[in-house]
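Peer 1: Coordinates only, no sequence provided:
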């Protein structure tokens, strides 16, 4: 499938990954309808910051994935659906799990049911590497057991299985993309990389973090966006779960050292107990096996290994150092 000239619906278009994906698809020549979370401020999230030549090409649809009628209306006339809308913060899922069921599971069901009824050509449902839990083996392939170690990951497991059930039960052409930890400009301060960069950029000499020993497979936003597009265009992806990851892991402590080197900062790190996950909920290790993505779609990361990580981090640091971007973040405030 060639996405150019296709009418595309994107849920979660106002968020970190969604806004980058929306802009990329517009630049490709796609006709994009962007679902943004309805609010009384008429905010389009990060799409408010898109270049004017991009914004004028986007059809914005304020809505809420929890509403089946609104989502079916949003999907009218669309060929392809990228479903990214979700609640994603793990700490928030500890005290408000019911909202995660409503948004992540019921919201996904609403998208799938509308796609089935409207005979959409392709649905790309967004999963997360958190569904694997602590790695039982590495690299983690798509056959790795699923382990719900937080209410967030449990609801994403449920959403993934509903998506696959629609393919198996109704032949709905849905593919599940499973990105490992994406980072880059616009990422929320609830994530570790913006947490480190914003505190250093604000001039703090001591920064607060959670656990330093877990490892993660970090992926620059451009690689994640290209993964979404590759899976959508592939003729082999329907009914499949596909990892998007770099196949390179680094500890949070090692990540901190790399960022301080890039930013030429001499600072100390302290452990903030509020940022620690419950012991059995902490995912200790994640590292992606990305061979399936290469085999089915031809996708390969362009920011792989330590060299790729450093390039992506340099671009991210440069964005955060812009005062107009940094002022959007509440430095030092723990964002759950």
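Peer 2: That came through, no problem. Note that the coordinates shown come from a computational prediction; the quantities given were computed from them, not determined experimentally.
Peer 1: List the contacts of residue 32.
Peer 2: By CB atoms under 8 Å, 6 or more residues apart in numbering, residue 32 lies in contact with 8, 10, 13, 22, 25, 26, 57, 58, 59. C-beta: built from backbone N, CA, C; applies to glycine.
Peer 1: If we use 7 Å, what do you get?
Peer 2: 8, 10, 22, 25, 26, 58, 59 (CB atoms under 7 Å, 6 or more residues apart in numbering).
Peer 1: try residue 4
Peer 2: Remark: with contacts taken as CB under 7 Å, 6+ apart, residue 4 is in contact with 28, 29, 30.
Peer 1: do that again at 10 Å, thanks
Peer 2: Neighbouring residues of residue 4 by CB atoms under 10 Å, 6 or more residues apart in numbering: 25, 28, 29, 30, 31, 233.
Peer 1: isn't residue 131 right next to residue 178, touching?
Peer 2: Yes: under the criterion of CB atoms under 10 Å, residue 131 makes contact with residue 178 at 7.2 Å.
Peer 1: tell me, what's touching these two both at once?
Peer 2: Here residue 131 and residue 178 have 156, 160, 241 as joint contacts, going by CB under 10 Å, 6+ apart.
Peer 1: Reformat these as TSV; add distance to residue 97.
Peer 2: Listed next are the shared contacts of residue 131 and residue 178 as TSV, based on distance: CB to CB, whole Å:
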residue	distance to residue 97
156	12
160	17
241	24
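Peer 1: Now do the strands in the stretch 101-250 of the chain.
Peer 2: In the stretch 101-250 of the chain, the strands defined using DSSP state E, counting those that start in this stretch lie at 122-126, 174-179, 182-183, 206-209, 215-216, 219-220, 241-244, 250-251.
Peer 1: mind listing what's buried in stretch 294-310?
Peer 2: Across stretch 294-310, burial judged by 16 or more other CB atoms under 10 Å covers 296, 297, 299, 300, 301, 303, 304, 308, 309.
Peer 1: Looking at those residues, which is nearest residue 70?
Peer 2: Closest to residue 70 out of the buried residues of stretch 294-310 is residue 297 (31.3 Å), distances taken as CB to CB.
Peer 1: Need phi/psi at the closest one.
Peer 2: The phi/psi pair for residue 297 (degrees, to the nearest 10) reads phi -130, psi -10.
Peer 1: Double-check it against residue 243; I have them as touching.
Peer 2: No: counting by CB under 10 Å, residue 297 does not reach residue 243; the two are 11.2 Å apart.
Peer 1: any common contacting residues for these two?
Peer 2: Residues touching both residue 297 and residue 243 by CB under 10 Å, 6+ apart: 177, 227.
Peer 1: about what we covered before: the buried residues of stretch 294-310 into JSON lines, with extra columns for pLDDT?
Peer 2: Output for the buried residues of stretch 294-310, formatted as JSON lines (pLDDT from 0 to 100):
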{"residue": "296", "pLDDT": "98"}
{"residue": "297", "pLDDT": "98"}
{"residue": "299", "pLDDT": "98"}
{"residue": "300", "pLDDT": "98"}
{"residue": "301", "pLDDT": "98"}
{"residue": "303", "pLDDT": "98"}
{"residue": "304", "pLDDT": "97"}
{"residue": "308", "pLDDT": "98"}
{"residue": "309", "pLDDT": "98"}
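Peer 1: what are the ranges of the helices in the chain?
Peer 2: For the chain, the helices defined by DSSP state H occupy 16-28, 52-55, 68-75, 90-95, 97-100, 107-118, 151-170, 192-201, 221-233, 252-262, 291-297, 305-321, 323-326.
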